[in-house]
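> below is the sequence, then the predicted model.
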Amino acid sequence: MGEQGCYQLTCTIFLLFSPIMEDELSTSKYTVAVIGSAVAGAQVAGQLADRGARVVVFEQNERPFGKIEDGLPRWHSALRDKEFAKILNLLDNPRIQFVPKTRIGQDIPFEELVRSWGFSAVVLANGSWRDRLLPIPEADKWINKGLVYQNPFVQSFNHEKDPNYTGKRYDYPDGGLVVGGGLASIDMAKLLMLETSRAKLAENGHDIDIEALEKKGIPKACEEFGTTFEALGVQGCTLVYRRRAEDMPVASVPKGATPEKILQIEGQRRKILERARSKFCFRFLPLTSPEAALTDGDRLIGLRLRKMARDGDGKLTRTDEVVELRSSIVISSIGSIPEPIPGIEMNGELFAFNDWDLGRLDGYPTVFSAGNVVTGKGNIVASRKHAGSVAGYIIEKYLGLTDSPAESLPKDLTEEVKDQARVVIERVYTQVDPVTLPAVELMRKKVAARQQAVGYTGSIRDWVVAHPPPPA
Ligand SMILES: Cc1cc2nc3c(=O)[nH]c(=O)nc-3n(C[C@H](O)[C@H](O)[C@H](O)COP(=O)(O)OP(=O)(O)OC[C@H]3O[C@@H](n4cnc5c(N)ncnc54)[C@H](O)[C@@H]3O)c2cc1C
């Protein structure tokens, strides 16, 4: 019997013999599934649970922290600790069931989860884990032959000292090119500069770890060792961006911003880049866009780049100027897109949402989406804010978990009239029927069976302690 067959048999036995228990899930009126347990998923789950809904959170990984743990380079330790605590505080709620090591679309089909598990709503909070393809001809041909994508590169860096890491491991050669323009691309340039400078310092007998070097900045660390960055002989890397520093999406412009506000934010963006460049000594090439690979045999050895012009409205046009830059490695960091999930229609590289505020999909009237998978912004605050507003909509408009007028019916009505009024008001204030008890009971058993299959017991805090992060 295959692995899948074994799993189904275990579930069937579990469903037949598990006792009927009264718990938070089996006493619920509305239950919501959330796919992904990180910034956005935890926010949605926590908000819904606070308003009385029961929530089941499915997470493909062992640990619940998503990009905070596997996307951010490991030197962001203060930010990570703060975000870990926020996620755990939200998920540690008796109304929330956590189901780790469960990839929707693979371990449980998406359509089955939505249509036959009995959830009142399903929220996709699965982020964006696939790197957008570098727009040069035959980009695929050069992957891991001179061209590296950001997501696997950071994962390799974060798991550098993890003997159990099975993903591809990368080196950090000097003289690289990073293509991108967001916070993540600045981190990629930093990563290359930190690793190449640390190696040179070590050659000169100066030992410093990456976290300490990142905190001090390269010039200051060199000074403390009695040397200079220039004296290290590091060639350094270059960050290539098709727009200007002022356009980098490292700070966002609020909707309806005045021209003064826009200018102020453009200034902030310039400062963020300049601060990073002065601490980590990488070069920046604005208004330059990759056009083709420079190759030698089966390796990519650089890029041909087109210089761009920008008009007053921000529109980019190609100029006649071309530059060719050789490089030891090209890191593409031009954005992440959602991993396809079987059963969800795509529109190009994105999910085919028919409503981009709530992340709704044709054919799945109970499905919503929250966070990076909808916003496309690599930004924690943007993910959390969006998740908060989607959860607010589900609470108020979809499930009607607000203090509805049913709570404030005139006192002099008889109980019979009040009951009838409550039924009518509930119909008006919710778009969905409460789940019946037998359906909830079946769902509870399915959830418990899956938790048992992956070895999840007890509380999310105990689970996280029992499954620590890889050694850093
Ligand atoms: C290098 C880098 C640097 C960054 N720097 C910053 C920064 O300085 N400041 C900042 O604000 N932001 C930064 N970001 C962006 C920030 O980390 C993300 O925008 C944010 O964490 C996204 O949160 P999310 O919950 O929307 O998505 P994610 O964190 O991606 O969470 C999605 C979750 O869903 C799970 N999942 C996916 N598919 C499935 C499935 N099929 N079934 C079950 N589970 C699934 C994933 O495992 C994950 O846990 C950076 C990102 C990177 C990559």
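Sure, I can see it.
> can we go C-alpha only for contacts and neighbour counts from here?
Noted.
> any regions of this protein where pLDDT drops low?
1-28, 402-411, 413, 417-431, 433 (pLDDT under 70).
> residues of the stretch 251-400 of the chain that sit close to the ligand?
Contact residues, the stretch 251-400 of the chain versus the ligand (C-alpha under 6 Å from any ligand atom): G371, N372, K377, G378, N379, I380, V381, S383.
> same thing but at 5 Å, please
The stretch 251-400 of the chain has residues G371, N372, G378, N379, I380, S383 near the ligand, with proximity defined as C-alpha under 5 Å from any ligand atom.
> of these, just the buried ones, ChimeraX syntax please.
Remark: buried members of those, expressed as a ChimeraX selection using 16 or more other C-alpha atoms under 10 Å:
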select :371,372,378,379,380,383
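> as TSV, the residues of the stretch 251-400 of the chain next to the ligand with secondary structure would be great.
Converted to TSV, those look like this (DSSP: H, G, I helix; E, B strand; the rest coil):
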residue	secondary structure
G371	coil
N372	helix
G378	coil
N379	coil
I380	helix
S383	helix
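> if I pick the one residue sitting closest to the centre of the chain, what's in contact with it?
In the chain, the centroid-proximal residue (C-alpha atoms, centre = their mean) is G127; its distance is 3.9 Å. Applying C-alpha atoms under 8 Å, 6 or more residues apart in numbering to G127 gives the contacts G36, P338, G371, N372, V373, V374.
> determine which two of those residues are furthest apart.
Using C-alpha to C-alpha, these reach their maximum pairwise distance at G36 and V374, which is 13.3 Å.
> contacts only, for F353.
Residues counted as contacts of F353 (C-alpha under 8 Å, 6+ apart) are G359, R360, L361, D362.
> nearest to the ligand, of these?
G359 (12.5 Å; C-alpha to the nearest ligand atom).
> okay, now the domains of this structure?
3-129+338-402+435-466, 130-335 (automatic domain parsing).
> ok, which of the ones you listed comes nearest D412?
domain 3-129+338-402+435-466 (23.0 Å).
> so how far is the closest one from its chain's centroid?
Taking C-alpha atoms, centre = their mean, to the nearest Å, the mean C-alpha location of domain 3-129+338-402+435-466 is offset from the chain mean by 14 Å.
> repeat for stretch 180-187
That offset, for stretch 180-187, works out to 15 Å (C-alpha atoms, centre = their mean).
> list the contacts of it.
Here stretch 180-187 has contacts from 72-73, 178-179, 239-242, 248-250, 273, 276, 332-335, 378, using C-alpha under 8 Å, 6+ apart.
> and that stretch, anywhere near the ligand?
Yes - applying C-alpha under 5 Å from any ligand atom, one finds that stretch 180-187 is in contact with the ligand at A184.
> what segments of the stretch 351-472 of the chain are strands?
Along the stretch 351-472 of the chain, the segments classed as strands by DSSP state E, counting those that start in this stretch run 353-355, 360-361, 367-369.
> oops, could you answer that again for the stretch 201-350 of the chain instead?
If DSSP E, counting those that start in this stretch is used as the criterion, the strands of the stretch 201-350 of the chain fall at 238-240, 283-285, 288-296, 299-310, 316-326, 330-333, 336-337, 346-347, 350-351.
> so can I have a markdown table of these showing distance to D462 and mean neighbour count?
Output for the strands of the stretch 201-350 of the chain, formatted as a markdown table (distance: least, C-alpha to C-alpha, whole Å; neighbours: other C-alpha atoms under 10 Å):
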| stretch | distance to D462 | mean neighbour count |
| --- | --- | --- |
| strand 238-240 | 42 | 23 |
| strand 283-285 | 45 | 17 |
| strand 288-296 | 47 | 19 |
| strand 299-310 | 47 | 20 |
| strand 316-326 | 50 | 13 |
| strand 330-333 | 35 | 26 |
| strand 336-337 | 32 | 22 |
| strand 346-347 | 38 | 12 |
| strand 350-351 | 35 | 18 |
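> of the domains of the chain, flag the one that's most buried.
domain 3-129+338-402+435-466 (a mean of 19; mean count of other C-alpha atoms under 10 Å).
> on that earlier part again, okay, the domains of the chain in CSV with distance to E416 next?
Shown next, in CSV, are the domains of the chain (distance: least, C-alpha to C-alpha, whole Å):
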stretch, distance to E416
domain 3-129+338-402+435-466, 22
domain 130-335, 49
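> how about those domains, which one is nearest T414?
Counting by C-alpha to C-alpha, T414 lies closest to domain 3-129+338-402+435-466 out of those; the figure is 23.3 Å.
> skipping adjacent residues, who's closest to L194 in space?
I210 (6.6 Å; C-alpha to C-alpha, 6 or more residues apart in numbering).
> measure that neighbour to the ligand for me?
From I210 across to the ligand, the span is 15 Å (C-alpha to the nearest ligand atom, to the nearest Å).
> from memory that residue sits against E195, does it?
Yes - under the criterion of C-alpha atoms under 8 Å, I210 makes contact with E195 at 7.3 Å.
> stretch 47-67: end-to-end distance?
As for stretch 47-67, its first-to-last residue distance stands at 21 Å under the measure C-alpha to C-alpha, to the nearest Å.
> what's that stretch in contact with?
So stretch 47-67 is contacted by 24-25, 28-39, 41, 45, 84, 87, 93, 95-104, 388, 391-392, 395, 401-402, 447, 464, 467 (C-alpha under 8 Å, 6+ apart).
> show me the contacts for T317.
Counting by C-alpha under 8 Å, 6+ apart, T317 makes contact with M308, A309, R310.
> CSV for the residues you listed, including distance to D298?
Listed next are the contacts of T317 as CSV, based on distance: C-alpha to C-alpha, whole Å:
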residue, distance to D298
M308, 29
A309, 33
R310, 35
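> can you tell me the distance between the two ends of stretch 334-345?
End-to-end distance for stretch 334-345, by C-alpha to C-alpha: 23 Å.
> contact partners of that stretch?
For stretch 334-345, the surrounding residues in contact (C-alpha under 8 Å, 6+ apart) are 104-105, 109-111, 126-132, 134, 179-182, 185, 346, 349-352, 373, 376, 378.
> could you rerun that using 6 Å?
If you take C-alpha atoms under 6 Å, 6 or more residues apart in numbering as the criterion, stretch 334-345 is touched by G105, S128, W129, R130, D131, R132, G180, A352, V373.
> report the beta-bridge partner residues of the fifth one.
D131 has the following beta-bridge partners by DSSP bridges: S336.
> any idea how far Q451 is from it?
31 Å.
> also the fourth one?
Plainly put, R130 is 27 Å away from Q451 if you go by C-alpha to C-alpha.
> now the last one
Distance, V373 to Q451, using C-alpha to C-alpha: 25 Å.
> what of the second one?
Going from S128 to Q451 by C-alpha to C-alpha gives 25 Å.
> likewise for the first one?
Plainly put, G105 is 17 Å away from Q451 if you go by C-alpha to C-alpha.
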